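A.B. asks: show me the folded form of this:
(one chain, ligands or ions: 1)
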Amino acid sequence: MSLYHETAAILTAAGPNATHGGSLKSRIFKDKSLKSPPAQVYALALETSKWSAILKEVVEASDLLKHERKLTPALSLLLVHDLLLSKSGIALPATHGLRVSIERHKARLNSEFVRARIRRKCATLDALRTQVEIGARGGCPVHPRWIRVNTLKSTVEEQLATTFKGWEVVESVAEVIQAADAFDGQGKKGKKVIHIDGHIPNLIAACPGVADFTKTEAYKSGKIILQDKASCFPAYLLDPRPERDGDVMDTCAAPGNKTTHLAAIVHSRVEDNKAIVFDGKTGKKGNKKKRGEEEQKGTTTTTIFAFEKDPHRAKTLQKMVKTAGSDTFTVVNAGKDFLKVNPLDAKYRNVGALLLDPSCSGSGIVGRDDAPTLHLPSAPSSSSSSSSSSSSSSSTNTNTKANPKGKQNNNKRKSPPTTTGTTETQEPPAKVLIDDDGVAIPVSSQADLEARIASLASFQLTLLQHAMSFPAARRITYSTCSIHAGENEHVVLRALASDVAKRRGWRVLKRQEQVEGMRRWDVRGEAEAMTLEEGITTEGVMEEKEKEKEEVRDAVIRAYYRDDGRGVMGFFVAGFVRDGTIDDPVYLLDGVEQQQQQQEGEEEEEEQEDPEGPFVRDEQGRIVRDENGIPTLKSTGKKAVDLKELEGDEESSVEYRIEGQEEEDEEEPYQRDGKGNLVRDDEGLPVLKEGRRWKVVKGGKGQKAEGVSDESEEEEEGSEDGDEWGGFDD
Ligand SMILES: C[S@@+](CC[C@H](N)C(=O)[O-])C[C@H]1O[C@@H](n2cnc3c(N)ncnc32)[C@H](O)[C@@H]1O
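C.D. replies: Numbering: from 1, shown residues only. Prediction:
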């Protein structure tokens, strides 16, 4: 099959992947049955779709399909496109039947094309090209190609002298955007212009479509990273500083844009004259060295812990971290669920800053729907000789998504209707919601969409609260590439109202406390999104507190995919801080110590992930206890508490008292042998003098066989079948 037949099949969804849906690009690149190079098929399909409204007029006015009965409408568009607009013409041998069938109408097709241009009031072909480009986007803005210079490996100066050699540096992003629609007189689109961003350090906006940066040496070696400006907000806002924040955690990290950004920022903050060598393999921090002595890149006092639940995506993360040169101080936890990370694990006791960028609806992402609507010429019916009426024409949207307004373009991701508090477009729901992990979720109604957002929001809030529970944490950023208030402002409000936030003193990072570039970014939270739905209590955090409400609104940062000259994707980020005086010193840090001891020689992961708890159970699921009520640990096969050690174990939460014994009693209650040693029973418990009995006053459900009464048995009865054993702290 020729390039033209294969492309026609894709465009009219008749190809082998017709039922797979997805964007034009993914349909083409995933179609393993294609014989032609996918890039060529994609370019032809995309360009023809852009021009299809004009080409349809040309084909219909020239009666091409009437004269060439073997041509289908889609084939005619593709061939006429290449005849009129491709520099090298139709990519078939001169004698090929398809080519001949078009070229014999060349003069007529050319003159109809000129007429179509004039009808559009375009003096030149370049003017028409510009109009087509703008029209193909349906008025949606051009998105610059954002490039972050990875300061672990390069500098802006070096990149200006190499990757961007010969490029003109302009004053604003708006100029970069304008340049995108300019043609050079030879059909070449765009101009070599860049702008150095004024908000995010080391970020460059380049005119899109002029160069393929993925082919450059700088990209391949990790000196530059293609990352939208808005996606740079979280790491920059978190502003991790080794001396203040210690270790850093990226909780949902793949593919690693923000992890590597964090690494670059951390590295740039390392004190000038000294650093601690970090061994990425062992996780150990070694000797302090003078910075001048240490040539190794990535030498820093800080460890970045990156978690990624999806093992496949984690591979991309690992690769990116390595290419970016941050693997020497980044520990990638591949396939690890952040929710299962124990905040009290000693490894994380120095984690002071966490970046949380969880999965979201992805409704702010630009360029997912990359195919403009295809306008097909009408096929001549057997009874009619001409079909030039545009009303009889058909138009095929190559997307799987709805295009209710019949816009010529679909280049922008369709914004699904917003939930409460958003101000984006109020279009009917898209048929498919592609989240930021690339997962397509069918959304057939407003209710479907709201349910999806609610479920995402609940997962996002759980993650955020988990991040808030890390003992040493003082700073968190929470971000999404969603435009929905339900995933953004509402999650922030709920998090602030949560127990963990209140208990630990978390609050928003106020605008005036933010890093300079974020302070100046003037797109902030949505006022109408600052109230939660009825029935959700904020426990006084927001209600009646207009000033606080405004402070939170002004603290959170938004970005929109709009024609406003900013050239960014839809995004949201909020920072949280706490001063650290509340709650952690005793309760949490003690917990860290306990955890540390308990972990010695144990398979920590197994224990954490066992939903049945740490103790051996019988077939009915009941915890198996010995005659003293003491369960056996699965991990060691030993008793959870050794009674023999109880006497000297002041830390035990089980307290035994001697009935009738007052604290001020001076008389020794235990029996001693002739040498003055305590007399013990078979289980090692001291034997009491006659008339004395043991009793359990706190914890434990143990019944000492002899001499120990168990007054607490009745009240603890219910714990027998519970997940938690009520006896000792575990
Ligand atoms: C929005 S993407 C992160 C993008 C990334 N921060 C970046 O800038 O390159 C969300 C990622 O979180 C991962 N994820 C979702 N839930 C997770 C969890 N509970 N623990 C760890 N990773 C999770 C997803 O697999 C996905 O790769």
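
A.B. asks: how close does the residue nearest to S326 when sequence neighbours are not counted get to the ligand?
C.D. replies: Using C-beta to C-beta, 6 or more residues apart in numbering and skipping the chain neighbours, the partner closest in space to S326 is A263 (3.3 Å). The C-beta positions use only the backbone N, C-alpha and C, and glycine is treated the same way. Distance of A263 to the ligand, given as C-beta to the nearest ligand atom, to the nearest Å: 12 Å.

A.B. asks: before we move on, what about K30?
C.D. replies: According to C-beta to the nearest ligand atom, K30 and the ligand sit 20 Å apart.

A.B. asks: next: D184.
C.D. replies: Distance of D184 to the ligand, given as C-beta to the nearest ligand atom: 35 Å.

A.B. asks: and H267, by the same measure?
C.D. replies: Applying C-beta to the nearest ligand atom to H267 and the ligand gives a distance of 18 Å.

A.B. asks: burial count for that residue?
C.D. replies: 23 (other C-beta atoms under 10 Å).

A.B. asks: helix or strand for it, which one?
C.D. replies: According to DSSP states H and E, H267 maps onto helix 257-269.

A.B. asks: buried residues in that helix, which are they?
C.D. replies: For helix 257-269, burial by neighbour count (16 or more other C-beta atoms under 10 Å) applies to N257, K258, T259, T260, H261, L262, A263, A264, I265, V266, H267, R269.

A.B. asks: show me what it is packed up against.
C.D. replies: Of the remaining helices and strands, those touching helix 257-269 by 3 or more C-beta pairs under 8 Å, 6 or more residues apart in numbering; DSSP states H and E are strand 224-226, helix 233-238, strand 247-250, strand 304-308, helix 311-323.

A.B. asks: tell me, how many residues neighbour whatever residue of the chain ends up closest to the ligand?
C.D. replies: Going by C-beta to the nearest ligand atom, the ligand is nearest to C252 of the chain, at 3.0 Å. Neighbour count of C252, defined by other C-beta under 10 Å: 24.

A.B. asks: what is the neighbour count of the nearest residue to it once chain neighbours are set aside?
C.D. replies: Residue nearest to C252 in three dimensions, not counting chain neighbours: P358, with 4.8 Å by C-beta to C-beta, 6+ apart. By the criterion of other C-beta under 10 Å, P358 has 23 neighbours.

A.B. asks: sorry, back to before: hang on, the residue of the chain closest to the ligand packs against D337?
C.D. replies: No - counting by C-beta atoms under 8 Å, C252 sits too far from D337 to count as a contact (9.8 Å).

A.B. asks: list residues touching both of those two?
C.D. replies: F307, K309 (C-beta atoms under 8 Å, 6 or more residues apart in numbering).

A.B. asks: okay, strands next: where are they in the stretch 51-200 of the chain?
C.D. replies: 145-149, 168-169, 193-196 (DSSP state E, counting those that start in this stretch).

A.B. asks: any stretches of the stretch 51-200 of the chain with poor pLDDT?
C.D. replies: Counting by pLDDT under 70, the stretch 51-200 of the chain has low-confidence residues at 139, 187.
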